[in-house]
Structures are given as C-alpha cells and as structure tokens.
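Q: generate coordinates for the sequence data below:
(chains A and B)
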Amino acid sequence: MTLLDKLSQFFFSGLTTGSIYAIIAIGFGVVHNASGIMNLLQCEFVTLGGMITVTLYSFVGIPLPVSIPLSIITVTLIGALFERSAIRTARSQQIIVLIFITIGASIFVRGLALTVWGSDPFVLPPFSGNRPIHILNATIVPQNLWVLSVTILVVVTLYFFFKKSLTGKAMRAASCNRQAAALSGISVNRMVLLSFAMSGGLGAVAGIIIAPITTTSYDVGFMLGLKGFSAAVLGGYGSMPGAVLGGLLLGVTESLATGIVSSAYKNAVAFIILLLVLFIRPSGLLGEPVAERV
Amino acid sequence: MGLKGFRKNRNALHLFMLIAVLTVLPCVVKSGYHLLVLNLIGLNTMIVVGLNLLIGYAGQISMGHAVFFGLGAYISAIVTTNVTGAAWLPVWFPQWVVPWVVTFAAMVCTGAVAYLTGIPTLKLKGNYLVMATLGLNIIFEIVLVEWDTMTGGANGMTGIPHLSVGRFAFNSDLRFYCLVWGATVLTLIVSLSLVSSRVGRALKAIHGGETAASTLGIDTQAYKVKVFVLSAMYASLAGSLYAHYLTVITPKSCDILYSIQMVIMVIVGGLGGVWGSLFGAALLTLLSEFLHIVEKFNVVALGLILMLVMIFFPEGLLPGIRRLIGKTREPTLALGPFMDSDPLR
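A: Okay, the predicted model is just below:
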C-alpha cells in the first residue's frame, strides 16, 4: 500500500467513527440546550442500543429490521423515563446536582449491563453483507456506507425537525430563553423530557450502526460516549453543525494519528483534544463565545 | 468568640474521641483482614478530607483525584524499586531513608503537577470542569498502561519495599495501622485548622459566589488553585503509603471509578464538613469491601447510591439525615450555588 492508499483508508475509517461521534455529540447538545445538563447517561444509551438489538436478534430471534426499531424505541423510552423519574423529581435542580445524578445513573446502568450480559463482546451481523467495496484507493465494507448514510439521514431529519416542525421550534425557543418560551405557552418541562428521549434514541442509533464494525459489549458506550462529548466540545457545545463538524474532525484526526503515529495512545487523542479546546477556546470551533471562563 | 470557641472545643473533643477509639480498636480487632479494611478507611479518609476542602468548601469538582493518588503511588513505586539496593548508593547511607524522602518528593511533584493543571482547569465551570478532570484521569490511565517499560503496564508494579525506620519495618497490618492513622489524624488536624482560619472563610465565600467573593478582595483563582494543590498532595501521600503498604500498585487502583468513588464519599459524608468525610470514607470503604466478592454489584451499588443521594439529599447523606431528624443547628452547604439557579426547573 502506498502512503496515499493508507491515508485514504484512514480517512474513510475516521469518517465512519466520526459519524458515530457526531450522532452522540448531537445527543449531548440536544439535552444541553433544553436543560443545561451534561447528560452522561448518553454513554449508556449507546451501549443499550447495541446490546438490546443483539439480545433481540441473537437470543430472541427477531429479525434485524424489526429488532433495530424495537431497540431504538426501548432506549428512547428509557431516556424519557430517566428524565421523568430521576431528573425531574430531584429535590435540587442545580446543574451540578443533576450532572451527578446522570453520572450515578450511568455507573448504575453499566453495572446492570455487566450483570445481565457479562463482559464478553457480542457480534451483530452487518446490515447488508460483508463484500468489500473499493473507493478512492480505500477498501471499505458496506456497513461503513450504512453508518455514513444513517448519519446523513439523522442530521437532515433533525435539521427539518428543528427548522420546520412546531415542536422543534418550541424546543429551540425553550433553549433560547426559558422564561419567554414558558410565557408563550411552551411547556419547558415537556421540552426537557423530549430532549432526553431524543438523546436516548440518538444514542441507540449510534450504538446499533457501529456494532457490526466494532462488536458491542457492556462498556462500549463509555469511550464512544465520552469521545462524543469531546466532539461536541470541539465543534461548539450545543451547536448542531458544530457537533457534526467536531465529530467528523475528531474521527479523522484520531484515525490518522493512530495510523501514522502510534496506536498505543489511540484513546488518548480525543481527550487531549478535549483538554486543549477547553483550555484554549472553550466555546469550540462553531460555538458562540460564552463567558464560561472568568 | 462564643460560637467559635464552642466549635473549636467541639472539634477538639471529636478529635480526642477519634484518637481514643483508634487506640482501643486494635485491642478489639485482631484479624488481619479487618485491620486491612481499617487501614484502607484511613487512606481513603485522607483523600476525601482534601477533596472535601475542594468540593465542599471551594465548590470546585474534581472527577480526577485518582490521578494524584496514582502519581504518589507510582512515583514512590518506580523510584524506590530502582534506587533501593542500587550500587551507586554509598554504603554509609541508610537505605530506609529513601522511601520516606521519595514519599515527600512525590508529594511535592504531585503538588507541582496539580498546580500546573489546576491553573487552566479551575478556570472552567460546571460541565466543563467535570469533563476536564475526567479527561485528565482517562489520559493518565492510558499512559500508565502504555508506558509499560516504566510502569509495568496493565499488570502494574510489584515488590515495592515497606516503609521502615532503621530495622523497624511497617510490614504488618498493625504496624501500618499506627502509621496510616497517625498520618490521617495529622491531615484532619491540618484541615480543621485550615477551615477555621481566614483561608477557610475565603473558600466558603468562593463557594457562595465567586463574583461576590472577588468583590470582597478574595483572589478566587489563587485560592482555588491552592486548595486543589493541597488536596492533590493529600492524595499523593495516601498513594505513596498505599504502595508501600500493599507493595503492589496497578492502573486499576487509580482508575476513573476510584475518582468517582471518592466523590461519592464526599457526597455521602456531606459537603463542607471535615468529620463527614471520615463517615463517608468509612461507610463506602466498608460497603465496597462487603461487595468485593462480586465486583459488578459494587458498581451497581455505587451508581445507585450516587443517584439516590443526589435526588433526595442534594446537601449530602449525613447532613440530609440530620435535617430529617431535625438536628441541624447551622445551615449546611448545599451542592448549590455553583451555577445560577433556574427558576423554571
């Protein structure tokens, strides 16, 4: 393989993982915009998406086209349930208390997942065969194309949802100014509930489409989720174009750094980028500069 | 003077009671395992007291304190295993001095690292501070595993010498018990006097509101970094002692779960109380030893505790229970005004 071949190979695999980061980053951003919370349970949504699909498909025997939507719906409901039970009933609505609740929930679900599924990784079959395709000097499997197209579909759908639908507009209004939104008859609480449900669904989608490539296990969402958060910060926390840009950029950077420099520190790349962004420009690439640093 | 004097006396009384209990305990507890658990409680208390100064008093969250514990442990382990018995050491030089010197050097190094990372990190708030410290911990873990020529990789390091004075080695559970609890009582005394000093009041003011504190002429950033460094040095000391006690150290002993566990200890004990930290550390150490047989249940329990305590007792478990019984005499510090409250939520 020539250097160019390698680069193009790394680029495509980076684009694939980057898409996953992008979807997760959007999930983080949706909840942040609605409530100001960093929802660390997002990591477990990713895990649950993949694991529930595997369980339904391999152990119950439901075909993929049915088990995938079932899994997404389940995790969406879990997201909504979490908001309704743990977040809304919390005695203090301080942001930091709520973040701790999401951290606790995240550890709790990870422990449960370990108890239920054990620590072995599970395999989900690719959605449409495994025959390699050659594009621009790179060899990719059809699942990479699935990941990319699902990501595009998700982004386009969300774009129209937020721009055109009444609920989407209400969510944007609530994230702009809660008081004003509440005064004009928008139920802010319902918007927060919706945002948690959406982040559940988005996390599940990310966990499912990546599962055939990387396998899935009880803690797969931990790294993916935290890297998704890094992507969100890189692009500008809470901004949707920022989440997509940050995700893709992080995925490609990570892939190139791993391929060209060393694979030992693969997982550290995302967090070094996270720290650099936080120290130098906390508002990210596309975010509006806010007074987070005093 | 009245209230302050009373509180000072009460702290002195508590301290006296603690020392009395600590003296009696080894006469009752004979089994090595129980002493081991007591020693772990001592080590955890040391870290949690420092972390509580940071979280409870200064209002800054660190989700990466295992890094400083790990730094202390690994610096001690790496230097002592390479230096003791080395040929270049002069014959007249007492070997037993080395681990002690390294323990203090590790504290200074860890303090320096905390200072350098604290300056940019502690400018961040809320979400970002949590993630930055979490990110630091992840990077630290990866370095420990990957830099295996130095750190022994995922298997960690073994054969770390015990601490000793002359020929007297702290090599049994009982001997180490005296050492670790001596050190813990010392950190308690330092923290108690810090809290009731000008510094402690400045930290409380920062917790109450940074802007307000800085208008009163408090250099908030400097205080935050200082207390961060102090708490990191406590953790480093605990790490060094841990390494010399168990003679083994692995990356798993300083992973994110440990950081989170320490934050849970702070939260269970209540924010902004030195004595609550002792309670939180004791309760959670006992719990995790109790659930040690099945590690996954430990994780489930930790998550559940953090979630439930934060939902129902945002000021911490111990102060929350005191509030329920109606015994609270003074307003407790809630995990509160870190960020502006939102009336709509």
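Q: which stretches of the chain have low pLDDT?
A: Using chain A. Residue ranges of chain A with pLDDT under 70: A:1, A:288-294.
Q: please refer instead to chain B.
A: B:1-8, B:85-87, B:327-345.
Q: got the residue ranges for the helices in it?
A: Applying DSSP state H to chain B gives helices spanning B:2-28, B:32-52, B:65-83, B:97-121, B:126-146, B:148-151, B:173-195, B:198-208, B:210-215, B:220-246, B:256-269, B:274-290, B:295-312, B:317-325.
Q: which one of the ones you listed lies nearest to A:Leu158?
A: When the helices of chain B are compared for distance to A:Leu158 using C-beta to C-beta, the nearest one is helix B:126-146, at 21.7 Å. For every residue, glycine as well, the C-beta is placed using N, CA and C.
Q: of the helices of chain B, which is nearest chain A?
A: The stretch from these with the least distance to chain A (C-beta to the nearest C-beta) is helix B:295-312; that distance is 2.8 Å.
Q: report the buried residues of that closest one.
A: For helix B:295-312, the neighbour count (16 or more other C-beta atoms under 10 Å in any protein chain shown) marks B:296-307, B:309-311 as buried.
Q: go on, stretch A:143-153?
A: Buried-residue list, stretch A:143-153, by 16+ other C-beta under 10 Å: A:Gln143, A:Asn144, A:Leu145, A:Trp146, A:Val147, A:Leu148, A:Val150, A:Thr151.
Q: thought A:Ile26 was touching A:Val244?
A: Yes - the pair A:Ile26 and A:Val244 passes the contact test of C-beta atoms under 8 Å, sitting 7.4 Å apart.
Q: mutual contacts of those two, please.
A: Overlap of the contact sets of A:Ile26 and A:Val244 (by C-beta atoms under 8 Å, 6 or more residues apart in numbering or on different chains) consists of A:Val155.
Q: using PDB, write out every CA atom in stretch B:307-318.
A: Extracted in PDB, the C-alpha atoms of stretch B:307-318 (Å, rounded to 0.1, in the frame of the first residue of the first chain):
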ATOM      1  CA  MET B 307     -28.100   8.800  42.100                       C
ATOM      2  CA  LEU B 308     -30.400   8.400  45.100                       C
ATOM      3  CA  VAL B 309     -28.400  10.600  47.500                       C
ATOM      4  CA  MET B 310     -28.300  13.400  44.900                       C
ATOM      5  CA  ILE B 311     -32.000  13.100  44.200                       C
ATOM      6  CA  PHE B 312     -33.200  13.100  47.800                       C
ATOM      7  CA  PHE B 313     -30.300  14.700  49.700                       C
ATOM      8  CA  PRO B 314     -28.500  17.200  47.500                       C
ATOM      9  CA  GLU B 315     -26.600  18.500  50.500                       C
ATOM     10  CA  GLY B 316     -25.100  15.100  51.200                       C
ATOM     11  CA  LEU B 317     -26.400  12.000  53.000                       C
ATOM     12  CA  LEU B 318     -25.200  12.800  56.500                       C
END
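Q: run through the residues of the stretch 151-300 of chain B sitting next to chain A.
A: Selection of the stretch 151-300 of chain B residues close to chain A by C-beta under 8 Å from any C-beta of the partner chain yields B:Glu210, B:Thr211, B:Leu257, B:Ile260, B:Val263, B:Ile267, B:Lys296, B:Phe297, B:Asn298, B:Val299, B:Val300.
Q: dump the buried residues of stretch A:143-153 to TSV, plus distance to B:Gly59 and secondary structure.
A: Output for the buried residues of stretch A:143-153, formatted as TSV (distance: C-beta to C-beta, whole Å; DSSP: H, G, I helix; E, B strand; the rest coil):
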residue	distance to B:Gly59	secondary structure
A:Gln143	46	helix
A:Asn144	46	helix
A:Leu145	49	helix
A:Trp146	46	helix
A:Val147	42	helix
A:Leu148	44	helix
A:Val150	42	helix
A:Thr151	39	helix
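Q: farthest pair within these?
A: Greatest spatial distance in the buried residues of stretch A:143-153: A:Gln143 and A:Thr151, 12.5 Å, computed using C-beta to C-beta.
Q: distance of B:Thr80 relative to B:Leu324?
A: As judged by C-beta to C-beta, to the nearest Å, B:Thr80 and B:Leu324 stand 48 Å apart.
Q: who has more neighbours out of those two?
A: Ranked by neighbour count (other C-beta atoms under 10 Å in any protein chain shown), B:Thr80 and B:Leu324 place B:Thr80 first, with 26 against 11.
Q: and the helices in chain A?
A: A:3-35, A:42-54, A:64-82, A:88-89, A:95-117, A:142-164, A:166-176, A:178-183, A:188-214, A:220-235, A:240-260, A:266-280.
Q: other residues contacting stretch B:38-48?
A: Contacts of stretch B:38-48 (C-beta under 8 Å, 6+ apart): B:25, B:29, B:65, B:69, B:173, B:176-177, B:180-181, B:183-184, B:187-188, B:231, B:234-235, B:237-238, B:241-242, B:245, B:262, B:265-266, B:269, B:277-278, B:280-282, B:284-286, B:289.
Q: got the CA coordinates for that stretch in CSV?
A: Presented in CSV, the C-alpha positions along stretch B:38-48 are these (Å, rounded to 0.1, in the frame of the first residue of the first chain):
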residue,chain,number,x,y,z
LEU,B,38,-9.4,-0.1,58.8
ASN,B,39,-6.2,0.9,57.1
LEU,B,40,-8.0,1.4,53.7
ILE,B,41,-10.5,3.6,55.6
GLY,B,42,-7.6,5.7,56.9
LEU,B,43,-6.1,6.1,53.4
ASN,B,44,-9.5,7.0,51.9
THR,B,45,-10.3,9.4,54.7
MET,B,46,-7.0,11.3,53.9
ILE,B,47,-8.0,11.8,50.3
VAL,B,48,-11.6,12.5,51.0
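Q: so how far is that stretch from its chain's centroid?
A: 7 Å (C-alpha atoms, centre = their mean, to the nearest Å).
Q: what's the answer for stretch A:105-113, then?
A: The answer for stretch A:105-113 is 17 Å, by C-alpha atoms, centre = their mean.
Q: centre-most residue in chain B?
A: Closest residue to the average C-alpha location of chain B: B:Ile47 at 1.0 Å, with C-alpha atoms, centre = their mean.
Q: how much space between the residue of chain B most remote from its centre and chain A?
A: Centroid-distance maximum for chain B: B:Val91 at 37.3 Å, with C-alpha atoms, centre = their mean. Separation of B:Val91 from chain A (C-beta to the nearest C-beta, to the nearest Å): 41 Å.
Q: which residues does that residue contact?
A: Neighbours of B:Val91 in contact, by C-beta under 8 Å, 6+ apart: none.
Q: one more: A:Ile23?
A: By C-beta under 8 Å, 6+ apart, the contact set of A:Ile23 is A:Thr151, A:Val154, A:Leu202, A:Gly203, A:Val205, A:Ala206, A:Gly228, A:Gly247.
Q: tell me which of those residues is nearest to chain B?
A: Chain B has its nearest neighbour among the contacts of A:Ile23 in A:Gly228, at 11.6 Å by C-beta to the nearest C-beta.
Q: count the residues that sit near the closest residue to that closest one other than its chain neighbours.
A: Leaving out its chain neighbours, the residue that sits closest to A:Gly228 by C-beta to C-beta, 6 or more residues apart in numbering or on different chains is A:Ile24, at 2.7 Å. Residues within reach of A:Ile24, counting by other C-beta under 10 Å, total 33.
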